[in-house]
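>>> Test case, fold it:
(one chain, ligands or ions: 1)
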Amino acid sequence: MRTAAAIIGAGPAGASCAYSLSLKGIENVLIDKRKIIGFPVQCAEFVSRNINQFVNLTEIPSAVNQKVSFMDIDTGKNLYRFEGKGYIINRDVFDDYIVKSAVKAGTNLLKQTNILKINAGENKLTGVDTAGNKSIEINYDYLIIAAGPKNSFDLEGKFKSGLKNKSYIFATQVRADLLKEGGLDSTLCYFRPYIPYGYGWVFPKSKFANVGIGIEKLRVDMPLSSSLNNFLNEIRNKGLIGSEIYGKTSGLVPVSGLNDLYSGNIALCGDAAGLTHPITGAGIVSAVISGGLLGDYVAESIKTSKNLLEEYRQEIESIFKKPLSTASKKRYELYPLMTGEDGIDMFIKQLWPSFEGYYGKQNS
Ligand SMILES: Cc1cc2nc3c(=O)[nH]c(=O)nc-3n(C[C@H](O)[C@H](O)[C@H](O)COP(=O)(O)OP(=O)(O)OC[C@H]3O[C@@H](n4cnc5c(N)ncnc54)[C@H](O)[C@@H]3O)c2cc1C
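Sure thing, here's the model as predicted:
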């Protein structure tokens, strides 16, 4: 098979890229190893309300589970409330909607297709169609890697500072019954000594809650399960969730900041580019933004026969470089100081982006 643009990964980044390419009339192939787009969900499913600038959620009511208005931070000693308007989405419906929009606009979707190798010298992908158990080859003019937080492609020589994210939060999450009468209008974040280099969350999903923890394993050798069990016990004892657990998922969140964004005719977007926020772990909106922009630049490159990926790099860096590097720096400087409960209260205001102290303002 031959295509103008091949995209590995049909998450929000890859699908947004494919959609934008198709809208501009550029032939593209969107490839994912999953059988069902968006499934299994490995996400706490919060998006801030600015998502509507990029994907209009009012057009897809089934993607919205509920709205939230606040974010509550619990340090064990104090509770802080911030405005935190956004949505808890049905992530599988959300991802599927973007993919379907791309397909409707002209994208060729290959599901159950696992890309095993990129031969950059020959502009060729090789992989396997796992449904038909056949090998596949795809020749491309431009390649977009939107394969999520971890990829196994061997292109290190081509990308100066590396193609891969260098450090991760290991996250694990369960679904439980939310026992709060009338539900919750806020996302809850918990800082605890037993969740080192990370935090715990309870994000309401109507009658249920997504409850999870994330830890940076490189820095602390603690089994995720013991941290999660401590957390579940604590919030069960508070009467917030029930004892039944409906399914458990795990996943990685990149926390090392931006990677090289392109090399030659190969470019990265979403988690593959390191665009997740190193402290909050939020990455859906930046995946959609970066995928959409990359699609625009690749389309223009193909139409004008002039490689414009350097402009893509500059635009992404102008939006994301400063906030991501500030967050990454603060993560490494301040998390080690938050070992006891006093430490947490002292440093949280400089660490968590909802506090003014995070931005270095006085009186925070
Ligand atoms: C537990 C957890 C909770 C999170 N909660 C939130 C949250 O509440 N809010 C938020 O904004 N962010 C959250 N995130 C982060 C968010 O999920 C990511 O930032 C987002 O999914 C990035 O989108 P993406 O398209 O870059 O990658 P992904 O969504 O990971 O999509 C990558 C796709 O590539 C496919 N793929 C990978 N390798 C190959 C291959 N070799 N061949 C073919 N296909 C391949 C995968 O199957 C996948 O479908 C959370 C992450 C985790 C782990």
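
>>> Every contact and neighbour count from this point should use C-alpha atoms.
Will do.

>>> can you pull the contacts of residue 306?
Applying C-alpha atoms under 8 Å, 6 or more residues apart in numbering, we find residue 306 in contact with residue 300.

>>> what's the distance between it and the ligand?
Using C-alpha to the nearest ligand atom, to the nearest Å, residue 306 is found at 26 Å from the ligand.

>>> Helix, strand, or coil at that residue?
What DSSP: H, G, I helix; E, B strand; the rest coil gives for residue 306 is coil.

>>> Assign a three-state SS to residue 328, would you?
Going by three-state DSSP: residue 328 is helix.

>>> all helices of the stretch 101-250 of the chain, in order?
Using DSSP state H, counting those that start in this stretch, the helices of the stretch 101-250 of the chain run over residues 224-237.

>>> how about the residues of it near the ligand?
By C-alpha under 6 Å from any ligand atom, the residues of the stretch 101-250 of the chain that approach the ligand are 113-116, 146-149, 151, 171-173, 250.

>>> Adding pLDDT and neighbour count, write the residues you listed out as a markdown table.
Formatted as a markdown table, those follow (pLDDT from 0 to 100; neighbours: other C-alpha atoms under 10 Å):
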| residue | pLDDT | neighbour count |
| --- | --- | --- |
| 113 | 98 | 26 |
| 114 | 97 | 20 |
| 115 | 97 | 23 |
| 116 | 95 | 14 |
| 146 | 98 | 30 |
| 147 | 97 | 26 |
| 148 | 96 | 24 |
| 149 | 94 | 21 |
| 151 | 82 | 14 |
| 171 | 96 | 24 |
| 172 | 96 | 23 |
| 173 | 97 | 23 |
| 250 | 93 | 16 |
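
>>> Where strands are concerned, which of those count?
Judged by DSSP state E, strands contain the following of those: 113-116, 171-173, 250.

>>> which of the residues you listed sit farthest apart?
Maximum pairwise distance in these, criterion C-alpha to C-alpha, is 28.4 Å, between 116 and 173.

>>> Am I right that residue 71 is in a strand?
Yes. Applying three-state DSSP, one finds residue 71 inside a strand.

>>> what's the neighbour count on it?
20 (other C-alpha atoms under 10 Å).

>>> what sits against it?
Per C-alpha under 8 Å, 6+ apart, neighbours of residue 71: 81-84, 186-189.

>>> Residue 183 now?
By C-alpha under 8 Å, 6+ apart, the contact list for residue 183 reads 204, 206-207.

>>> Only the buried subset of these, as a PyMOL command please.
Buried subset of the contacts of residue 183, written as a PyMOL selection, criterion 16 or more other C-alpha atoms under 10 Å:
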select buried, resi 204+206
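
>>> which residue is nearest the middle of this structure?
residue 283 (3.2 Å; C-alpha atoms, centre = their mean).

>>> residues touching that residue, list them.
270-271, 275-277.

>>> ok, and which of those reach the ligand?
Filtering the contacts of residue 283 for neighbours of the ligand using C-alpha under 6 Å from any ligand atom leaves 270-271, 276.

>>> quick one on the thing from earlier: could you identify the pair within the residues of the stretch 101-250 of the chain next to the ligand that is furthest apart?
Maximum pairwise distance in these, criterion C-alpha to C-alpha, is 28.4 Å, between 116 and 173.

>>> Run a quick neighbour tally on residue 36.
For residue 36, the tally of surrounding residues (other C-alpha under 10 Å) stands at 12.

>>> tell me the secondary structure for it?
Applying three-state DSSP: residue 36 is coil.

>>> Show me what residue 83 is bridged to.
For residue 83, the beta-bridge partners are residue 70 (DSSP bridges).

>>> Number the residues from 781 up from this point.
Fine by me, first position is 781 from now on; the one you just mentioned is residue 863.

>>> For it, list the residues it contacts.
Residues in contact with residue 863 (C-alpha under 8 Å, 6+ apart) are 849-851.

>>> Mind putting the residues you listed into TSV with pLDDT and distance to the ligand?
Conversion of the contacts of residue 863 to TSV gives the following (pLDDT from 0 to 100; distance: C-alpha to the nearest ligand atom, whole Å):
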residue	pLDDT	distance to the ligand
849	98	15
850	98	14
851	97	12
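
>>> Please state the offset of stretch 867-884 from the chain centre?
Chain-centre distance of stretch 867-884: 14 Å, with C-alpha atoms, centre = their mean, to the nearest Å.

>>> Same question for stretch 1013-1031.
In terms of C-alpha atoms, centre = their mean, the centre of stretch 1013-1031 is found 23 Å from the chain centre.

>>> quick one: contacts of it?
Residues from elsewhere that reach stretch 1013-1031, judged by C-alpha under 8 Å, 6+ apart: 821-822, 950-960, 989.

>>> Which one of the contacts of residue 963 is nearest to residue 1079?
Nearest to residue 1079 among the contacts of residue 963 is residue 984, at 39.2 Å by C-alpha to C-alpha.

>>> Quick check: closest non-adjacent residue to the closest one.
For residue 984, the nearest residue in space outside its immediate sequence neighbours is residue 964; the separation is 6.0 Å by C-alpha to C-alpha, 6 or more residues apart in numbering.

>>> I figured that neighbour was touching residue 982, is that so?
No. Contact criterion C-alpha atoms under 8 Å: residue 964 and residue 982 do not qualify, at 9.9 Å.

>>> got a pLDDT number for the nearest residue to residue 949 once chain neighbours are set aside?
Closest residue to residue 949 apart from its sequence neighbours, by C-alpha to C-alpha, 6+ apart: residue 996 at 4.3 Å. Each residue has a pLDDT score; the one for residue 996 is 88.
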